[in-house]
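1. Fold the following.
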Amino acid sequence: MKNEGDSKRCDGCNPVKKAGPATMEHVLLALQETKEEREVRIRSLFNFFDKSSSGYLDSAEIETGLTALHIPSDYKYARDLLHVCDADQDGRVNYQEFRKYMDEKELELYRIFQTIDVEHNGCILPEELYDALVIAGFGAFILVNCCAVLAGNAVHAVFVATGIEIDDEELARFVERVDKDNNGVITFEEWRDFLLLYPHEVTIANIYHYWERVCLVDIGEQTIIPEGISKHVHAGRYLIAGGIAGAASRTATAPLDRLKVVLQVQTKDARIMPEVKKIWKEGKIFAFFRGNGLNVIKVAPESAIRFYTYELLKGVISDAKGEDKADIGTAGRLVSGGLAGAVAQTVIYPMDLVKTRLQTHECIDGKAPRLGALTRDIFIKEGIRAFYKGLFPSLLGIIPYAGIDLAAYESLKDMAKNYMDSEPGALVQLGCGTVSGAVGATCVYPLQVVRTRMQANQSKATMSEVFLTTFQKEKLRGFYKGLFPNLLKVIPSASITYMVYEAMKKRLELE
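-> A predicted model of the protein is given here:
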């Protein structure tokens, strides 16, 4: 093994024999570069960002430059890079500030390069990189467990003390991403080029997570499933965070959901306040939360099925096109997300039908039916097929909703860019996503009404029959019953989901 490693090191490796603490002189020797050549290189990089030739860099120019270099500016690196370089805090970076950042960063990168290159042969082998990642992961494990035990917080320890997990395939991808000449080893020049514009502290753990994000660039679109979450980006913890956020959001908006469903099934004139009073009489405040338990329970399996199906379909599409998973394009993501949503919806649909029956059940003496008894009655009286009533209109709306949502989101984000100097921040994107989601939901709402009526009705009416009956008796207004409380759900639902999700990410050490 050692002989093989030695033979690998022969090509492009440049060991620095100079003793003493790391200085810029060591950096120049490692790069085989003179001070003049380095000055020209840094000036060229500054000019690459400074497209306007103003002598200063602002956030927009840094972001544009990072995008051109295929570095994910949407992970706040553009803003953070500006903040780190901007020594006088005037909101822009001149050449001297840029050069000072380069001096400090290259020296920092050289020190950690030397730490990983344990044999000091001028190159990092995959085995050395793997050992460094394992040590970093083990260190994180010990640190978090000790802190958790001292704080008496065992649950926190279980969630976050997982360290860095990387298999041979991921290690190969890591090396391939950094190793520009594909000779199997990483030189200091390659190491520097990969991390030079990373504005945070250079630690092994940070480097690994930076690689995750560079290789799995978030498309920045309001898709059905967020990009960049995979088995090596702590998928389990992301699903936990998303599941808790979804449960909190659904619980907070449960009264509006119950009201919406009750209004959707009304075939006569339906008014909001009379229905609110009717629900209140059934069981006071608790009546507004009927069916919420099922709504919360289905969050986890639905999210997990949708996520893993999405990853699987992305792989199928990328194999068919002969491209990387990250490059399947907007249409590929839309199709993958839509089909993944359809699969998840189909699997958990019986729970959705029982929830609708529970919410629309006429109570006798104010008592709601038991979940088990209601499910058994549906099965005995209507058969197993009854649990899938309304599935077709439900599936029919997925792709149109996703397409309209995506188009509206991109249009709104482009409009926001026209009034901002940089990429819209998280809150602006949340606002765009909220509005686009409301637009998409409104466009496919008639399908939702038909689905709910098919779910609540014990007859065997088909989708076309329900459509026709609704139109004949209630005209177009019938297809939009319950729309107002549905739209009222959008802003609090999105806001609560976002806040809880962000809080859970910090709690689960996903930031």
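2. Pull up the per-residue confidence for G322.
-> According to the prediction, G322 has pLDDT 68.
3. in the longest helix anywhere in the chain, what counts as buried?
-> Longest helix in the chain, counting residues (DSSP state H): helix 329-360. Using 16 or more other Cβ atoms under 10 Å as the test for burial, helix 329-360 gives 332-345, 348-360. All C-beta atoms are positioned from the backbone trio N, CA, C, and that covers glycine.
4. now do stretch 279-299
-> Residues of stretch 279-299 classed as buried: 279, 282, 287-292, 294-296, 298-299 (neighbour count, 16+ other Cβ under 10 Å).
5. would you turn these into JSON lines with pLDDT and distance to N486?
-> As requested, the buried residues of stretch 279-299 are arranged in JSON lines below (pLDDT from 0 to 100; distance: Cβ to Cβ, whole Å):
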{"residue": "I279", "pLDDT": "83", "distance to N486": "16"}
{"residue": "E282", "pLDDT": "81", "distance to N486": "21"}
{"residue": "A287", "pLDDT": "84", "distance to N486": "19"}
{"residue": "F288", "pLDDT": "87", "distance to N486": "15"}
{"residue": "F289", "pLDDT": "87", "distance to N486": "17"}
{"residue": "R290", "pLDDT": "86", "distance to N486": "17"}
{"residue": "G291", "pLDDT": "84", "distance to N486": "15"}
{"residue": "N292", "pLDDT": "82", "distance to N486": "16"}
{"residue": "L294", "pLDDT": "84", "distance to N486": "18"}
{"residue": "N295", "pLDDT": "83", "distance to N486": "14"}
{"residue": "V296", "pLDDT": "83", "distance to N486": "18"}
{"residue": "K298", "pLDDT": "82", "distance to N486": "18"}
{"residue": "V299", "pLDDT": "76", "distance to N486": "18"}
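6. Out of the residues you listed, which comes closest to P255?
-> F288 (3.7 Å; Cβ to Cβ).
7. will you turn the buried residues of stretch 279-299 into TSV that also has distance to Y95?
-> Formatted as TSV, these follow (distance: Cβ to Cβ, whole Å):
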residue	distance to Y95
I279	67
E282	71
A287	67
F288	62
F289	61
R290	65
G291	63
N292	59
L294	61
N295	57
V296	55
K298	57
V299	52
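8. taking the residues you listed one by one, which sit in helices?
-> 279, 282, 292, 294-296, 299.
9. Show me the two of these that sit farthest apart.
-> E282 and V299 (25.1 Å).
10. got any ranges where the stretch 301-450 of the chain has weak pLDDT?
-> Residue ranges of the stretch 301-450 of the chain with pLDDT under 70: 321-330, 364-366, 406, 420-427.
11. mind redoing it with 80?
-> Where the stretch 301-450 of the chain drops to pLDDT under 80, the residues are 302-308, 310-311, 314-315, 317-338, 362-369, 398-399, 401-410, 413-414, 416-434, 436-437.
12. next one: the stretch 1-150 of the chain
-> Using pLDDT under 80, the stretch 1-150 of the chain drops low at 1-20, 67-80, 118-120, 126, 129-150.
13. let's see 90
-> Applying pLDDT under 90 to the stretch 1-150 of the chain flags residues 1-33, 49, 51-52, 58-84, 86-91, 105-150.
14. Excluding covalently adjacent residues, which one is nearest to E382?
-> Leaving aside its chain neighbours, E382 sits nearest to Q458 (6.3 Å; criterion: Cβ to Cβ, 6 or more residues apart in numbering).
15. Output the helix or strand following the longest helix of the chain in PDB with nothing but the alpha carbons.
-> Per DSSP states H and E, the first helix or strand lying C-terminal to helix 329-360 is helix 371-382. The C-alpha atoms that make up helix 371-382 are tabulated as PDB, following Å, rounded to 0.1, in the frame of the first residue of the first chain:
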ATOM      1  CA  LEU A 371     -60.900   6.100  14.600                       C
ATOM      2  CA  GLY A 372     -60.800   2.300  14.700                       C
ATOM      3  CA  ALA A 373     -64.500   1.900  14.500                       C
ATOM      4  CA  LEU A 374     -64.800   4.400  11.600                       C
ATOM      5  CA  THR A 375     -62.100   2.600   9.600                       C
ATOM      6  CA  ARG A 376     -63.700  -0.800  10.200                       C
ATOM      7  CA  ASP A 377     -67.100   0.500   9.100                       C
ATOM      8  CA  ILE A 378     -65.700   1.900   5.900                       C
ATOM      9  CA  PHE A 379     -64.100  -1.500   5.100                       C
ATOM     10  CA  ILE A 380     -67.200  -3.600   6.000                       C
ATOM     11  CA  LYS A 381     -69.800  -1.400   4.200                       C
ATOM     12  CA  GLU A 382     -67.800  -0.200   1.200                       C
END
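16. burial measure for K278, as a count.
-> Neighbour count of K278, defined by other Cβ atoms under 10 Å: 12.
17. Starting from T360, give me the distance back to it.
-> 12 Å (Cβ to Cβ, to the nearest Å).
18. Between the two, which contacts overlap?
-> V262 (Cβ atoms under 8 Å, 6 or more residues apart in numbering).
19. if we can go back for a sec, and the angle from the longest helix of the chain to helix 371-382?
-> For helix 329-360 against helix 371-382, the angle by axes from the mean of the first three to the mean of the last three Cα atoms, to 10 degrees is 100 degrees.
20. And helix 329-360, what does it pack against?
-> helix 254-264, helix 292-297, helix 299-321, helix 371-382, helix 391-396, helix 398-418, helix 445-456 (3 or more Cβ pairs under 8 Å, 6 or more residues apart in numbering; DSSP states H and E).
21. In JSON lines: those, plus distance to D86.
-> As requested, those are exported to JSON lines (distance: least, Cβ to Cβ, whole Å):
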{"stretch": "helix 254-264", "distance to D86": "45"}
{"stretch": "helix 292-297", "distance to D86": "46"}
{"stretch": "helix 299-321", "distance to D86": "39"}
{"stretch": "helix 371-382", "distance to D86": "59"}
{"stretch": "helix 391-396", "distance to D86": "51"}
{"stretch": "helix 398-418", "distance to D86": "22"}
{"stretch": "helix 445-456", "distance to D86": "48"}
